[in-house]
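>>> Pasting the sequence and the predicted model now:
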Amino acid sequence: MKCIYLIRHCKAAGQEPDAQLTAEGHAEAELLANFLSEKQIDYIVSSPYDRAVSTIQPLAQKHKLKINMDHRLRERVLSAYGLDNWMETLKETYQDLDMALPGGESSREAMNRGVSAIEELLGRAERNVVVVTHGNLMSLILKYYDDQYGFEEWRGLTNPDVYEIVMNTDEVKPDINRLWK
């Protein structure tokens, strides 16, 4: 059995790769570390974006674990250009997984990128792994394992958010549970 704790970063001051956590986000990171402190975390991997790394820093310090970076866990780029109707367009990408805008990734491309990172972790010896990513990619990873996840579930995510994905070797479909509410 393998347990992946899929985490969306805490509140941040923006969407850029170098956007920092807000004061509230830093407080949430401490709460998150306490929330997960009794889990026997063996390995931590994070998006390289500052807000993701800062989210998991307190937990890494408590467990004396290194934060490993994986660029496949970065946030999805919907489009290289600003969109006035980005929310409506994002919703469409959950219905048409292959829809890609100029300079952006389709949902399927982003999903496959994120899932490739998860699948690689499943092959590692560690049993309890923390994965820190971003909301859109998180929802697409969840959708890969359970098609019920979509746009509305993405909208319902919080900063931070934590899902537990339990992979049993004898089952094809994992158990997915939301832990943070």
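Thanks, I have it.
>>> Just give me the neighbour total for the closest residue to residue 138 other than its chain neighbours.
Nearest residue to residue 138, sequence neighbours excluded (CB to CB, 6 or more residues apart in numbering): residue 8, at 5.0 Å. C-beta coordinates here come from the backbone N, C-alpha and C atoms, glycine included. If you count neighbours by other CB atoms under 10 Å, residue 8 ends up with 24.
>>> what's the answer for the one 3 residues further on, then?
A total of 18 residues lie near residue 11 under the criterion other CB under 10 Å.
>>> Residue 13 now?
Neighbours of residue 13 using other CB under 10 Å come to 14.
>>> Next, it: phi, psi?
phi -90, psi 0 (degrees, to the nearest 10).
>>> same check, this time on residue 143
Dihedral angles (degrees, to the nearest 10) for residue 143: phi -60, psi -40.
>>> Tell me if I'm right that it and residue 149 touch.
Yes. The pair residue 143 / residue 149 is scored as a contact, 4.2 Å apart, by CB atoms under 8 Å.
>>> quick one, longest helix in the chain?
The residue-count maximum for a helix in the chain (DSSP state H) belongs to helix 107-122.
>>> okay, which residue is most central for the protein?
residue 133 (3.1 Å; CA atoms, centre = their mean).
>>> Please look at it and residue 7 and confirm they touch.
Yes. Counting by CB under 8 Å, residue 133 does reach residue 7; the two are 7.2 Å apart.
>>> quick one, strands of this structure?
2-8, 43-46, 67-69, 128-133, 161-167, 175-178 (DSSP state E).
>>> and these, which is most packed in?
Comparing the strands of the chain by mean neighbour count (mean count of other CB atoms under 10 Å), strand 128-133 ranks first with a mean of 25.
>>> What pairs with that one, parallel or antiparallel?
Strand pairing for strand 128-133, determined by DSSP bridges: strand 2-8 (parallel), strand 43-46 (parallel).
>>> returning to what we had before: now the residue nearest to residue 138, which residues is it bridged with?
If you apply DSSP bridges, the partners that residue 8 bridges to are residue 133, residue 161.
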